[in-house]
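Visitor: A structural model of the following input is requested.
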Amino acid sequence: PRTYPGTDKVKELFDSLAPLEAARALGKLGGDKLAALGLKKPSATLTLRSDTEEQVVQIGDAAYGSGDLYVLAPNGEVYLLASTTLSTIRYGATALLDKEAVGVARERVSRVTVAAGAQGRELVQRHAAEADKRFVADPAEPDTKLELASNWLDRFWRLRVIDLSDATPAGDPALEIELFGEQESLGVVKLWPPDERVALATSTRFRQPFTVAKASAETLLKDLEPLLKEGR
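Guide: Sure, this is the predicted structure:
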């Protein structure tokens, strides 16, 4: 299993699963009837875990006409479950995965540190809560917009995860960015040089390394040296 942060749709899904309410209760059925409903050899299962227990619901065939699903609960009872309850999982699971590599809202960030090997600099984000006024500056000249840095951070925030990876990044990262609020660190993103297709990265919000598009990584890395020198 791979663990992703969830989108807002995950909360909606959890609200529909706890409690899991059926459209109809059909009681306990014999083996032949279970087979007729697709519950002798279920096509899928739904596993619900809490801190103290785990329950597995067997999912069978769809009812003719309505498309509602026959399910077998852990207590041996058969229920008819509205098709909409599980439709997000069955047909749109990718919409549940939050693939934002950064995962920190821009308005929460007051400053950023950018490091590339032994080089690095600090940047401050001005008017962070107002998207139309927001810009990036050097702490020594906080009222002077750094055009390259502002555009570069825009691209950084658009960084998206392609997939989680079991690979371990080799060597030091080519880029390390730490985001800060008024007082505390909000997260760290590290990026390694790309290969022929993708680049490996890590982020505080993901439990394991992930891949990003080669083009996205190259765009950030090629402007890294000018970014470190801008306005100095």
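Visitor: got the contact list for residue 144?
Guide: 137-138, 231 (Cβ atoms under 8 Å, 6 or more residues apart in numbering). (C-beta placed from N, C-alpha, C; glycine too.)
Visitor: With residue 114 instead?
Guide: 120-123, 175-177, 224, 227-228.
Visitor: and if you look at residue 78?
Guide: Taking Cβ under 8 Å, 6+ apart, one finds 25-29, 34, 37, 39, 70-72 in contact with residue 78.
Visitor: Throw together a PyMOL command that grabs the buried residues out of those residues.
Guide: PyMOL command restricting the contacts of residue 78 to the buried ones, with burial defined by 16 or more other Cβ atoms under 10 Å:
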select buried, resi 29+34+37+39+70+71+72
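Visitor: nearest to residue 169, of the contacts of residue 78?
Guide: Closest approach between those and residue 169, by Cβ to Cβ: residue 71, at 42.6 Å.
Visitor: Give me the contact list for whichever strand or helix holds the closest one.
Guide: Assigned by DSSP states H and E, residue 71 falls within strand 69-72. With contact meaning Cβ under 8 Å, 6+ apart, strand 69-72 is reached by 22, 26, 34, 37-39, 42, 46, 57-63, 78-81, 83, 85-86.
Visitor: mind redoing it with 7 Å?
Guide: 37-39, 57-63, 78-81, 83, 86 (Cβ atoms under 7 Å, 6 or more residues apart in numbering).
Visitor: Could you list which of the residues you listed belong to helices?
Guide: 83, 86 (DSSP state H).
Visitor: Sort out for me which of the contacts of strand 69-72 are in strands.
Guide: 57-62, 78-81 (DSSP state E).
Visitor: between the residues you listed, which is closest to residue 8?
Guide: Out of these, the member with the shortest distance to residue 8 (by Cβ to Cβ) is residue 81, at 23.1 Å.
Visitor: list the contacts for the closest one?
Guide: 22-23, 68-69, 71.
Visitor: and it, bridged to which residues?
Guide: residue 69 (DSSP bridges).
Visitor: Looking at the contacts of residue 114, which is nearest residue 217?
Guide: Distances from residue 217 to the contacts of residue 114, taken by Cβ to Cβ, are shortest for residue 175, at 8.5 Å.
Visitor: what are the phi and psi angles of residue 153?
Guide: For residue 153, the backbone dihedrals (degrees, to the nearest 10) come out as phi -70, psi -30.
Visitor: which of the contacts of residue 81 count as buried?
Guide: 22, 68-69, 71.
Visitor: buried ones in the helix or strand of the chain with the lowest mean pLDDT?
Guide: Here the helix or strand of the chain ranked lowest by mean pLDDT, DSSP states H and E is helix 83-92, holding a mean of 79. By neighbour count with 16+ other Cβ under 10 Å, helix 83-92 contains the buried residues 83, 85-86, 88.
Visitor: sorry, back to before: ok, the contacts of strand 69-72 vs residue 189, which is closest?
Guide: residue 86 (34.1 Å).
Visitor: Quick one: the helices in the protein, in order.
Guide: 8-17, 31-36, 83-92, 147-157, 214-222, 224-229.
Visitor: can you list those helices in a markdown table and add distance to residue 191?
Guide: What follows is the helices of the chain, written out as a markdown table (distance: least, Cβ to Cβ, whole Å):
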| stretch | distance to residue 191 |
| --- | --- |
| helix 8-17 | 27 |
| helix 31-36 | 52 |
| helix 83-92 | 30 |
| helix 147-157 | 9 |
| helix 214-222 | 6 |
| helix 224-229 | 10 |
